[in-house]
Structures are given as structure tokens and as C-alpha cells.
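Asker: Have a look; sequence and predicted model below, questions after that.
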Amino acid sequence: MDLRDSLVERLTWLRGEIERHNQAYYVHDTPVVSDAQYDVLMRELQSLEAAHPYLVTADSPTQRVGAAPLAAFGSVTHRISMLSLGNAFEQDEVRAFDKRVADTLRAAGKLSADQEVSYFCELKLDGLAISLRYERGLLVQAATRGDGQTGEDVTLNVRTIKAIPLKLKGAEQELPEILEVRGEVFMNLADFERLNAAQQARGEKIFVNPRNAAAGSLRQLDPRITAQRPLSFFAYGWGDLGGFQLPRHSAMLDWLQQLGLPVNQKQHVLALGAQQLLQYYTSVGERRAQLPYDIDGVVYKVDDLIAQRVLGFVARAPRFAIAHKFPAQEATTELLDIEVQVGRTGAITPVARLAPVFVGGVTVTNATLHNETEILRKDVRIGDTVIVRRAGDVIPEVVGPVLARRPIFASSFVMPSACPVCGSAIERVEDEAIARCTGGLFCAAQRKQSLIHAVGRKALDIEGLGEKLVEQLVDRERIRSLAELFTLRVEELAEYDRMGRKSAENLIEAIAKAKRPQLNRLIFALGIRHVGETTARDLALYFGSIEAVMQAQPEALLNVSDVGPVVAGSIARFFAEPHNQQVVRELREQGVEPQAPEAQRSSGLSGKTFVLTGTLPTWSREEASSRIIAAGGKVSGSVSRKTSFIVAGDEAGSKLEKATELGVAILDEAGLKTLLEASQSID
């Protein structure tokens, strides 16, 4: 075998392995390798193709990254129309549908008098219908439904969706000359929440629902944006088959799955007659809230394809299929008032107080409005008639006002300037969507989570003071600030749930030890926004005392390594709040004496920034972080061009992907240990 043949064989193997892992992860939700192992394969493939561009193929996994932006979408004429389905909302409508089907098939001699019709039942995903055209097994075109006759050419965008194979499985001679696959592009609920969180953090558009997000992602003129969106796909039918066809709809979907196309097979059921159709509908409705994606109903299709042809079509819908829709999860009601709630991190969330309305199976009286920016964007006013949406167990939200029914007395919402719980100032940092209470440890709404953070391993490290006990102490109003932890006594703790005398003694001993924390741990324990472990250590090294940090002006804070205007402003605002100053004074009065860290000697890791991701074989992230910091390095929570190394363990995620894109050096645990050992020899 010559060098070229060997290279082609390696490339073929890599592409096959990566596509197999894509199928396992995106289609079957059963990954067989870690993200780090997957990335090793992908990097090798990218390197080989970069060195030998003439060997790049159209179906290579590397071709999913997205091409240059388009000026506009082209149009595609569907060779076989993409029809809509008729709808049923009531049980009687389903029974009438079944009777029409059975009567027609009996009249045509395709069903005996004592037989019931066999139906293929599936979920009706709430996404965007798409048609995929494969020629000799290769994906050549993708188009939206459009008006059923003509859709938009979204081929470049669809190629970025990893759930959709660029090449079908099987020997080339066994694959159909032409295969048009019909299916749904959608977004899983968890992916939707992560996408919206990222959009909000960047100050960009928040998507209303997963369908809106999927449609907007697929219709980007820049395919590189689509490539960054977590889109999924399920096939449910077909168009042009070039003459090939199996006898039953269920068999056809089994065949599509064998070709490597994702099919929602776990949710498919065969049913006989109207009664079993209604049982399927009820069963799906009961577990709808547990599904990982949105659905708005179920679909019933006659399974026998010859029977489908006998039944035919009416207008723009088939007679052999119908969608049985769930009750609407949107309703209209009056917006009585807008109040604000304080979250565990001080986030101020406007909440709509509504006239009671039944939606999504429950009576709703409150709904989230997200933030002040969203209220302004949606132009929601007190007194409006508003549309309320509820999906599964998701908190109800106000979609928007019904402007045609706006009363003349409708009033705009004004964000309060003081926290309704503790009276501290409410501030909204520039370029952030969320306003926050500045009360910090003083605010009762934030107290539990603030205390849980403060006593954690990375902060004061008070062993035995867990979440449940903190909740009891706060609920009984025994602890109102961090300083009051140091006033606890054995006798009173022994009376708390699951706290005997010995446990209480051990806890008091741990609290006593926490009176001499490292300064950086105390700073981190205070829970200052944007101040993580590394920044806390940098502040401790630069200022040397908690009082110096408290008194520092933003200009002085900017002199600290990696502290920019946002972090400096956050620190200055925190210590400008009298309540937070009081907490520190009380800590000192209780005998808390923070220990200034010793200046670190210069080492080979000085100025180097590390990011940890995934699970390491023997070290916890905390241990790895502390060893890096002890050696003079820094640990960051996000990857940027300033990152020196990323340390990747099992199940490493998006951080590793970004590091690969930026060309950041990648280490495993063994590599990190070697680097740390080498740094110890540097004076």
C-alpha cells in the first residue's frame, strides 16, 4: 500500500468513526466516547485535510462548520408537495375521522367488516418542517415547507446540523438514486434554555419559545450562526423516492433509520381503531411535561401505504392522516400589576400578577416578565389584556399584550430603586439586562444562598455546615448575617434536626478554625459579583488586608491583575453599600482575623492562565486549581485568547471546543502534573 492509499484509508476511517459518534450522540442520545476523545479524532481529521485539501470530500464531518453568509435564500420547488394535516381537537372528531377512513376502505374492498384500521401514531413536534434531498446517498439539497409547493433553499444551514447525515449508510449500489426525506427541525428544551441564557448574557435577542428559536436559527443568512445553534432533527416521512416503496409507513421509517436518519422510534405506536388512538393521545398527554422537547399534539396515519393511496387527498391535506392537537397552552387575561421578586443572587425579576386564567392544565395567577428590558421590548403595561403561555412545568410567561384591547388607563412599569426585601439599592450594570439588589449578605432573600456559598470548601470551608442546616438557621432567624455564624453555641445546635451533641461540638470546632481564614478565601466568601477564586487571590496579594480592599477606589482596583472596569465597578459598589461594610465589621468583632497570603515566588507558570473542564481521573477541580495557583498560575472559568492552557478531562464540553478553535494548548491531567513538576525547578 503506497502513502496515498494509506492516507485515504486513514481519512475514510476517521470520517466513519466521527459520523458514528455523531449518530450515537445526536440521534440515539447514547454517546460512546468522551468529548475529549471525540475532539482528538476531529483534530486529526482537520489536520490531515488541511495538509491534503484535494482529499476533502463533501460528506466529511469537517464540512459542517458553515459557509460564508448568503445575500438571500434561493427558492426550491418541491417535486412532491409538502402538505399540511387536518386537525382534530375533540374525541368525537377523532372517531369521525376513523369512521370515514374505515368506510372508504371497506367500500374499496381494502378492509373487511370486522376489521379495524391500523394506524401509525407519532408525536407532533413543534418545530420547522424540512425536506432533505439525497442523491446516491449524498445530501444535495434542503428546503423549508414554504407554501407547500415552493420553499426556501437552506442547504448550507442544514449541513451544519449534526443529527442530519451528510451521507446515508449502506453500500453505494444499495442506496436509492433519489430520496427526499421529510422531517422536523427542532430544539430541545434544555438546549433552548442554554441558548437564551447565552443570548441574554450577550445582551442579544431572547427567543420566545423553542420553535421560534429553531426557525430563526435555520433561517440565518450566515450558516456559521446556524452552526452554533443546538438544532435537532427527526424524520417522519418522505417525498420523491424514485419509485422505491415498502408496503407500510412503519416499515418505511424503519428503513430510513437503517440509512442513518434519526427517527423518533421510541415514541411510535401502532394502534387499531379510534379507541386505541384516544388511548395513545391520553398516554402522551400524561407524560408530555417530561418530554425533552415541545409537542403540540399527536399524529395518526393509516399504516398501509396502498390504503393511503386509496384514501387520497382533499384540498391541501391527506385523507389518511390527521393531527390530534392538545388544548392551547396560551390564554389571554388581565395584567393586574407588576411586582418584583429578589432571587438568590440578588437578581430582580418582574412578575406579572394576573387575573386567574386556566392555561396548560392549571390555573395561573403569576407569570414571569424576565427583566425590565423585556417589558419595554414587549411594551407590556399594567391594565393590559395579555397573552400568557405555559409549557409543561416551565414557569408561565407573558408573551405580549393584545394592543387592540389596551385600556386608556394602562400604565408603564417603573423598576423600583430599592430592594423590596431589605431596602438596599437596586442597580443595573451597563450592558447587563438584569437589575440586582446590592444588599448582598444583608438581604434576607439572598441570605441562604450567600451563606451556603460563604461556608463552602472554596471559601471559609466550614465542615459540617451543610445546606439543610443553613436553611434551618435562616428560617428560625437565628442567623441574619455571616458574622452571626460565629456566635453559635453547642447547646443550641444540638437541638436542631439531625444534630446530636457530638456533631454540634465538631461544627463549633470547625467554625472556630474558620476565624483565621486566608484573606483570599474571606474575599471569595463575601460573594462579590464577578469575583471568583483567582480574582480574590489577586486582590489579597495586591492589597494585603480586607480593610484596604474595602477602601480601594475603582482606579486602584484596576491596578490588580486581570481586574477590568466591570469587575472593579462591582467590587466598589459592593463595599460602598453600608450593609456590606457592617458585615465585615461584625466579622472582625467576632474575632475573624484573615491571614494575608505570602507573595508567590516567580515560576514557570507566572502569568499563565488555565481553564479546567470535564472530570479529571484523580484530582478534583478544586485540587487542580489550588496546585496551579500555588505554582503561580491563574485559573479562569472561561476560555479566551488570553488562555494559556485548557486542562480537559472526561466529558469536557464547549470550553474544549472553543479552546480548539482559538488554538489554545490542551493538557490532560498527566500533562498538567508534568507542567507543575517542571515549574517547581524554576527559581
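Answerer: Yep, that arrived. This structure is a prediction, so every number in the text was calculated from the model and none was measured.
Asker: Can you tell me which residue is spatially central in this structure?
Answerer: residue 194 (2.5 Å; CA atoms, centre = their mean).
Asker: Surely that residue is within a helix?
Answerer: Yes - looking at residue 194 with DSSP: H, G, I helix; E, B strand; the rest coil, it is inside a helix.
Asker: Can you name the residues that contact it?
Answerer: Residue 194 is in contact with residue 230, counting by CB atoms under 8 Å, 6 or more residues apart in numbering. For the C-beta atoms, the positions are set from N, CA and C on the backbone; glycine is no exception.
Asker: Stretch 106-117: end-to-end distance?
Answerer: Terminal residues of stretch 106-117 are spaced 10 Å apart (CA to CA, to the nearest Å).
Asker: Please identify the buried residues of it?
Answerer: 110, 111, 117 (16 or more other CB atoms under 10 Å).
Asker: residue boundaries of the helices in the stretch 201-350 of the chain?
Answerer: 210-218, 223-227, 249-258, 273-287, 305-311 (DSSP state H, counting those that start in this stretch).
Asker: what's the most buried one of the ones you listed?
Answerer: The highest average neighbour count among the helices of the stretch 201-350 of the chain, using mean count of other CB atoms under 10 Å, belongs to helix 210-218 at a mean of 22.
Asker: So which elements touch that one?
Answerer: Under the contact definition 3 or more CB pairs under 8 Å, 6 or more residues apart in numbering; DSSP states H and E, helix 210-218 sits against strand 128-135, helix 155-158, strand 178-186, helix 189-201, helix 223-227.
Asker: try it again with 10 Å
Answerer: Other helices and strands packing on helix 210-218, by 3 or more CB pairs under 10 Å, 6 or more residues apart in numbering; DSSP states H and E, are strand 118-125, strand 128-135, strand 138-144, helix 155-158, strand 178-186, helix 189-201, helix 223-227, strand 232-238.
Asker: now these as TSV including distance to residue 487 and mean pLDDT?
Answerer: Shown next, in TSV, are the helices and strands packed on helix 210-218 (distance: least, CB to CB, whole Å; pLDDT from 0 to 100):
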stretch	distance to residue 487	mean pLDDT
strand 118-125	57	95
strand 128-135	60	92
strand 138-144	66	92
helix 155-158	61	90
strand 178-186	55	94
helix 189-201	39	85
helix 223-227	55	84
strand 232-238	54	94
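Asker: Quick one: these as TSV, columns for distance to residue 492 too.
Answerer: Listed next are those as TSV, based on distance: least, CB to CB, whole Å:
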stretch	distance to residue 492
strand 118-125	55
strand 128-135	60
strand 138-144	67
helix 155-158	63
strand 178-186	54
helix 189-201	41
helix 223-227	58
strand 232-238	54
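Asker: wait, which of those is closest to residue 670?
Answerer: Among the helices and strands packed on helix 210-218, helix 189-201 comes nearest to residue 670, with 31.0 Å by CB to CB.
Asker: can you give me how far the closest one is from the chain middle?
Answerer: Mean C-alpha position of helix 189-201 versus that of the full chain (CA atoms, centre = their mean, to the nearest Å) differs by 5 Å.
Asker: which stretches of the stretch 501-650 of the chain form helices?
Answerer: 501-513, 519-525, 533-543, 546-551, 554-557, 565-576, 578-589, 621-630.
Asker: Pick the most deeply packed of the ones you listed.
Answerer: Note that of the helices of the stretch 501-650 of the chain, helix 519-525 is the most buried (mean count of other CB under 10 Å), with a mean of 25.
Asker: Next one: residue 414 relative to residue 343, how far apart?
Answerer: 20 Å (CB to CB, to the nearest Å).
Asker: Please apply the same query to residue 461.
Answerer: Residue 461 is 25 Å from residue 343, by CB to CB.
Asker: follow-up on the earlier one: and of the helices of the stretch 201-350 of the chain, who's closest to residue 574?
Answerer: helix 210-218 (35.0 Å).
Asker: just to revisit the earlier point, kindly indicate which of the buried residues of stretch 106-117 lies nearest residue 325.
Answerer: Lowest distance from residue 325 to those (CB to CB) belongs to residue 117, with 20.5 Å.
Asker: Contacts only, for that closest one.
Answerer: With contact taken as CB atoms under 10 Å, 6 or more residues apart in numbering, residue 117 is in contact with 97-99, 101-102, 104-106, 110-111, 271-274, 277, 300, 302-304, 307, 311, 320.
Asker: Go through those residues and flag which are in strands.
Answerer: 271, 272, 300, 302 (DSSP state E).
Asker: Let's see the PyMOL selection covering just the buried ones among those residues.
Answerer: Restricted to buried positions by 16+ other CB under 10 Å, the PyMOL selection for these reads:
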select buried, resi 271+300+302
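Asker: Is it possible to get JSON lines of the ones in strands among the contacts of residue 117 that adds pLDDT?
Answerer: Shown next, in JSON lines, are these (pLDDT from 0 to 100):
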{"residue": "271", "pLDDT": "95"}
{"residue": "272", "pLDDT": "96"}
{"residue": "300", "pLDDT": "96"}
{"residue": "302", "pLDDT": "96"}
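Asker: any idea which of the ones in strands among the contacts of residue 117 is closest to residue 186?
Answerer: Proximity of the ones in strands among the contacts of residue 117 to residue 186 (CB to CB) peaks at residue 300, which lies at 20.1 Å.
Asker: who does that closest one bridge with?
Answerer: In this structure, residue 300 bridges to residue 121, residue 322 when assessed by DSSP bridges.
Asker: Give me the neighbour count for residue 93.
Answerer: Other residues within reach of residue 93, judged by other CB atoms under 10 Å, total 15.
Asker: quick one: the helices in the stretch 351-500 of the chain?
Answerer: Using DSSP H, counting those that start in this stretch, helices in the stretch 351-500 of the chain cover 372-378, 444-454, 467-475, 490-493.
Asker: Residue 435: which of those helices is closest?
Answerer: Counting by CB to CB, residue 435 lies closest to helix 372-378 out of those; the figure is 6.3 Å.
Asker: list the buried ones in that closest one?
Answerer: By neighbour count on 16+ other CB under 10 Å, the buried set for helix 372-378 is 372, 373, 374, 375, 378.
Asker: how far away is the second one from residue 335?
Answerer: Okay, so that is residue 373. Distance of residue 373 to residue 335, computed by CB to CB: 18 Å.
Asker: and what of the fourth one?
Answerer: Applying CB to CB, one obtains 11 Å for the distance of residue 375 from residue 335.
Asker: Now list whatever residues contact both of those two.
Answerer: In contact with both residue 375 and residue 335: 352, 369, 381, 398, 413, using CB under 10 Å, 6+ apart.
Asker: Save the residues you listed as CSV, and put in pLDDT, neighbour count and distance to residue 266 too.
Answerer: Converted to CSV, the shared contacts of residue 375 and residue 335 look like this (pLDDT from 0 to 100; neighbours: other CB atoms under 10 Å; distance: CB to CB, whole Å):
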residue, pLDDT, neighbour count, distance to residue 266
352, 93, 26, 37
369, 88, 21, 37
381, 96, 19, 45
398, 90, 25, 34
413, 94, 19, 44
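Asker: Looking at those residues, spot the one nearest residue 122.
Answerer: Nearest to residue 122 among the shared contacts of residue 375 and residue 335, counting by CB to CB, is residue 398 at 32.1 Å.
Asker: Next step: the shared contacts of residue 375 and residue 335 restricted to strands.
Answerer: 352, 398.
Asker: mind putting the shared contacts of residue 375 and residue 335 in a markdown table, distance to residue 138 included?
Answerer: Output for the shared contacts of residue 375 and residue 335, formatted as a markdown table (distance: CB to CB, whole Å):
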| residue | distance to residue 138 |
| --- | --- |
| 352 | 51 |
| 369 | 48 |
| 381 | 54 |
| 398 | 46 |
| 413 | 54 |
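Asker: of all the shared contacts of residue 375 and residue 335, which comes closest to residue 158?
Answerer: Among the shared contacts of residue 375 and residue 335, and counting by CB to CB, the member closest to residue 158 is residue 398, at 33.4 Å.
Asker: Appreciated, that's everything.
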